[in-house]
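>>> The amino acid sequence is not available; the structure is as follows:
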Ligand code: NAP
C-alpha cells in the first residue's frame with residue numbers, strides 16, 4: 001500500500017513530491033506522457049522566484065526532480081490509465097504499462113496542454129518564436145512585431161499584455177467577431193498597437209537561416225487570398241485542454257471544460273483521498289509558480305488525510 005501516488009511531473013507534481021517526501025511519506029510519482037510538463041517546452045524562465053538570472057525550463061524541472069528524489073521520491077516512467085476508489089477506502093491506480101498500485105491518497109497533477117494549430121514544423125518551433133504563453137515569453141520580443149492567434153479572453157489578454165513589449169501585435173482570428181468577454185475585447189480593439197486580422201488563419205510558419213520565426217503566411221478564409229506577415233514570434237492562444245481523459249469512469253468531478261473541481265480552498269476533489277494540483281484544476285492563472293504552490297497545498301492536504309486515517 002502506497003501512502004501517496006502523484007500523477008504528473010510538472011511543477012505541481014514535483015512540488016507535491018518534495019513536500020510529501022520531506023514528510024517521510026515516500027511518494028511514488030508516475031511521470032506521464034511528457035515528463036517535466038509544459039516547462040520542458042519553453043526556453044528561459046525569468047519569472048520563477050529565486051533565479052534572478054533566469055533558468056531554462058527543462059533545467060528547472062530537472063532540479064525539481066532532483067530535490068524530490070533527495071527526499072525519497074520514487075519515479076515510474078509510465079502513464080496512468082485509471083484511478084478508482086475501492087470499497088475498503090483505498091484507491092487503485094492502473095497504468096498503461098500494466099502496473100497496479102493500491103494507495104491511501106492520489107494527487108492528480110497532470111496539467112493541461114495548450115492547443116496548437118497543427119501546422120508543419122510546429123513542435124520544433126516551440127521556443128524559437130512559437131509559444132503559447134505571453135506571460136512567459138512576451139519580454140523576449142521587445143520592439144518587434146508579433147502575432148497572437150485566437151479570439152477568446154486568452155488571446156485578447158495576451159495581445160494587450162504583449163503591447164508592453166512588441167512594436168505591433170497582429171490579432172489573427174478565424175471569424176469576424178471575438179469570442180472574448182466584451183470588456184477584454186473592447187480593451188484589445190481600442191489599443192492602437194493591436195491590429196485585428198479577421199476571418200483569417202495561419203497557413204505556414206516561415207523561418208530564418210537559424211531556424212527562428214521570421215514570418216507567417218495568413219489565409220483569408222473569405223477571399224482565399226494569402227499574405228505574409230513579418231513577425232518574430234507567434235503566440236497561439238486558442239485554449240488549453242486539461243489532461244483528464246484517464247479520469248473517465250473514476251467518479252472524480254470535472255467542470256464543464258473537463259478541469260478537476262477542487263473543494264473550496266482545499267485541493268480535495270469530490271472523492272476522499274483524491275486531491276488535485278496545478279493546471280489540471282486551474283484555467284485562470286496557469287503559471288509555474290501557482291502550480292508549484294498548489295502542489296504544496298495538495299501535499300499538505302494529503303498528509304493531513306493520512307494522519308487522520310492513522311488516528
Ligand atoms: P476559448 O474561450 O475556448 O477561446 C479559444 C479561441 O481560439 C476562440 O476564439 C476560437 O475561435 C479560437 N480557436 C480555437 N481553435 C482554433 C483553431 N484551431 N484555429 C484558430 N482559432 C481557434 O479559450 P481561452 O481564450 O483560452 O479561454 C478559456 C477560458 O478561460 C474561458 O472561460 C475564458 O473566459 C477564461 N479566461 C479568462 C481570463 C480572464 O478573465 N482574465 C483570461 C483568459 C481566459 P472561435 O471563437 O471561432 O471558436
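Nice, thanks for sending it over. Nothing here was measured: the structure is a model prediction, and the numbers come from that model.
>>> going forward, measure contacts between C-alpha atoms and count neighbours the same way
Noted.
>>> Which single residue in the stretch 1-150 of the chain comes nearest to the ligand?
Here the residue of the stretch 1-150 of the chain nearest the ligand is residue 150; by CA to the nearest ligand atom that distance is 3.9 Å.
>>> For the spatially closest residue to residue 230 that is not a sequence neighbour, give its distance to the ligand.
Distances taken as CA to CA, 6 or more residues apart in numbering put residue 215 closest to residue 230, at 4.2 Å, once the chain neighbours are dropped. Separation of residue 215 from the ligand (CA to the nearest ligand atom, to the nearest Å) stands at 17 Å.
>>> Just want the most central residue of the chain.
For the chain, the residue nearest the mean C-alpha position is residue 112 (4.3 Å; CA atoms, centre = their mean).
>>> is that residue in a bridge, and if so with what?
The bridge-partner assignment for residue 112, based on DSSP bridges, gives residue 242.
>>> my guess is it contacts residue 240, does it?
Yes - in this structure, residue 112 is within contact of residue 240 by CA atoms under 8 Å, at 6.2 Å.
>>> residues from the stretch 151-300 of the chain in reach of the ligand?
151-155, 174-175, 179, 238-239, 283-284 (CA under 6 Å from any ligand atom).
>>> hang on, the earlier thing: run a quick check on the residue nearest to residue 230 versus residue 232, I expect a contact.
Yes - taking contacts as CA under 8 Å, residue 215 lies within contact range of residue 232: 6.7 Å.
>>> Go ahead and measure how far stretch 103-112 is from the middle of the chain.
15 Å (CA atoms, centre = their mean, to the nearest Å).
>>> start to end distance for it?
One end of stretch 103-112 sits 24 Å from the other (CA to CA, to the nearest Å).
>>> just stretch 252-268 next, same as before
Start-to-end, stretch 252-268 (CA to CA) is 10 Å.
>>> chain center to it, what's the gap?
Using CA atoms, centre = their mean, the offset of stretch 252-268 from its chain centre is 16 Å.
>>> what comes up buried for it?
Using 16 or more other CA atoms under 10 Å as the test for burial, stretch 252-268 gives 252-254, 258-262, 267-268.
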